[in-house]
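In: dropping the sequence and predicted coords here.
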Amino acid sequence: METSYIPPLEFAGTKVYPGEKKRIEIPISRLPTQTWVSVPVQVIFGIKPGPCVALIAGIHGDEINGMEVIREILRDLDPQHLAGCIILVPVVNIFGFLHNSRYLPDGRDLNRSFPGNSKGSMAARLAHLFTQEVLKKADYAVDFHTAALGRMNYPHIRTSIRSKDGLALAQTFGAPVIVHSKTIEGSLRQAAKKFHCKLIVFEGGEVNRFNNDVIQIAVSGVWQILKKLKMCKPVKKRDMTTKSKVAKSSTWVRAHRSGIFRLFKNLGDHVTQKELIGVVTNIFGDVISKVRATHDGMIIGMASDPKVHKGEAIIHIAKFS
Ligand SMILES: [Zn+2]
């Protein structure tokens, strides 16, 4: 039987051929102690032709839910039953991961440094390496994030709903909410657009921990994408995907007073404009400020640290109309 030739993919000088499942260390740089630091990458190259999908986590080193999503997906991938190629990167910002930090040791945010520069800052160099070695090979990608330190996010996809491809990919993923958002300068998402990779951003949970509900929704979402792209059959387990609600925008409610914040609602709850959704109290519990919803919508993010300062963003509400 005649089979069409599929050329190998090359990562940091290592070739991966169809039918192979290979782990590769992409060297970044040496530590001051001269030890090499590298980004570990797993490549699953199917025996049949198909698209290339990158699953990317830990661009922010302390956001580790995506790492667990990738580990779970990886267990059930077999190149003998795969069309196309999957590149899995559980942690991109290795430096931040080791130090429970969003940032690189130079204090820069990797997700503001793409597509990078081989002669630039530490963040720019890592961004450049990642762009060349992974992003440019991918036709589709999911970039996994959580809320930043001190906050929690309800599982949602961020994409431009004006992009037909972005919206379709987000709807296939099937997270509870899709939130329209513009691309941020220097983000991986912006670089993906430049290199014609269809990328969606998954947001859910909080830093430095595994939020199991969030992880299971994301795992189901990835299987749905692989199924839709006709790359493989999803493993038989409970499908957590749903018909996503599409939010056109989102805004943060800010604290009017400094104090201790108590939210009466949960992530994912619907709220109506002017509804009392929480209070700011002093440390003895006396209410000093009432917190009301600024508009109708759904709570998709909240401060997880009850100590709040005047002006601090405390509740993130998605707007559907
Ligand atoms: Zn992030």
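Out: Sure, I can see it.

In: residue ranges for the helices of the stretch 51-200 of the chain, please.
Out: Under the criterion DSSP state H, counting those that start in this stretch, helices of the stretch 51-200 of the chain are mapped to 65-75, 94-98, 122-133, 164-173, 188-194.

In: for these, give me CSV that also has mean neighbour count and mean pLDDT.
Out: Every C-beta, even on glycine, is put in place using the N, C-alpha and C of the backbone. Below are the helices of the stretch 51-200 of the chain laid out as CSV (neighbours: other CB atoms under 10 Å; pLDDT from 0 to 100):
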stretch, mean neighbour count, mean pLDDT
helix 65-75, 20, 97
helix 94-98, 18, 96
helix 122-133, 22, 98
helix 164-173, 19, 96
helix 188-194, 21, 97
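
In: now the ones you listed in JSON lines, with distance to the ion?
Out: Shown next, in JSON lines, are the helices of the stretch 51-200 of the chain (distance: least, CB to the ion, whole Å):
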{"stretch": "helix 65-75", "distance to the ion": "9"}
{"stretch": "helix 94-98", "distance to the ion": "10"}
{"stretch": "helix 122-133", "distance to the ion": "14"}
{"stretch": "helix 164-173", "distance to the ion": "17"}
{"stretch": "helix 188-194", "distance to the ion": "10"}
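
In: how about these in JSON lines, adding distance to Ile44?
Out: Listed next are those as JSON lines, based on distance: least, CB to CB, whole Å:
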{"stretch": "helix 65-75", "distance to Ile44": "8"}
{"stretch": "helix 94-98", "distance to Ile44": "21"}
{"stretch": "helix 122-133", "distance to Ile44": "16"}
{"stretch": "helix 164-173", "distance to Ile44": "19"}
{"stretch": "helix 188-194", "distance to Ile44": "20"}
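
In: between the ones you listed, which gets nearest to Ser38?
Out: helix 94-98 (7.5 Å; CB to CB).

In: gap between that closest one and the chain center?
Out: Helix 94-98 sits 16 Å away from the centroid of its parent chain (CA atoms, centre = their mean, to the nearest Å).

In: packing partners for it?
Out: strand 36-45 (3 or more CB pairs under 8 Å, 6 or more residues apart in numbering; DSSP states H and E).

In: so in that sheet, which strands flank the strand it packs on, and in what orientation?
Out: Sheet pairing of strand 36-45 (DSSP bridges) gives strand 21-30 (antiparallel), strand 83-89 (antiparallel).

In: roughly how far does Arg162 sit from Ser181?
Out: 11 Å (CB to CB, to the nearest Å).

In: the more surrounded of those two?
Out: Ser181 (18 against 9; other CB atoms under 10 Å).

In: contacts only, for the closest residue to that one other than its chain neighbours.
Out: Distance criterion CB to CB, 6 or more residues apart in numbering; nearest residue to Ser181, sequence neighbours excluded, is Arg158 at 4.5 Å. Arg158 sits next to 178-179, 181, 189, 200-203 when contact means CB atoms under 8 Å, 6 or more residues apart in numbering.

In: find me the pLDDT at Arg158, would you?
Out: In this model, Arg158 is scored at 97, pLDDT.

In: and for the one 5 residues further on?
Out: The score at Ser163 is 93. That number is its pLDDT.

In: ok so, going back, can I get the contacts of Arg158 in JSON lines with distance to Gly259?
Out: As requested, these are exported to JSON lines (distance: CB to CB, whole Å):
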{"residue": "Ile178", "distance to Gly259": "34"}
{"residue": "Val179", "distance to Gly259": "29"}
{"residue": "Ser181", "distance to Gly259": "30"}
{"residue": "Arg189", "distance to Gly259": "36"}
{"residue": "Ile200", "distance to Gly259": "37"}
{"residue": "Val201", "distance to Gly259": "33"}
{"residue": "Phe202", "distance to Gly259": "33"}
{"residue": "Glu203", "distance to Gly259": "27"}
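
In: that older thread, nearest to the ion, of the strands paired with strand 36-45?
Out: Closest to the ion of the strands paired with strand 36-45 is strand 83-89 (CB to the ion; 14.2 Å).

In: tell me how many other residues crowd Gln80.
Out: Around Gln80 there are 9 residues (other CB under 10 Å).

In: these two touch, right, it and Ile47?
Out: Yes. With contacts counted by CB atoms under 8 Å, Gln80 reaches Ile47, the gap being 6.0 Å.
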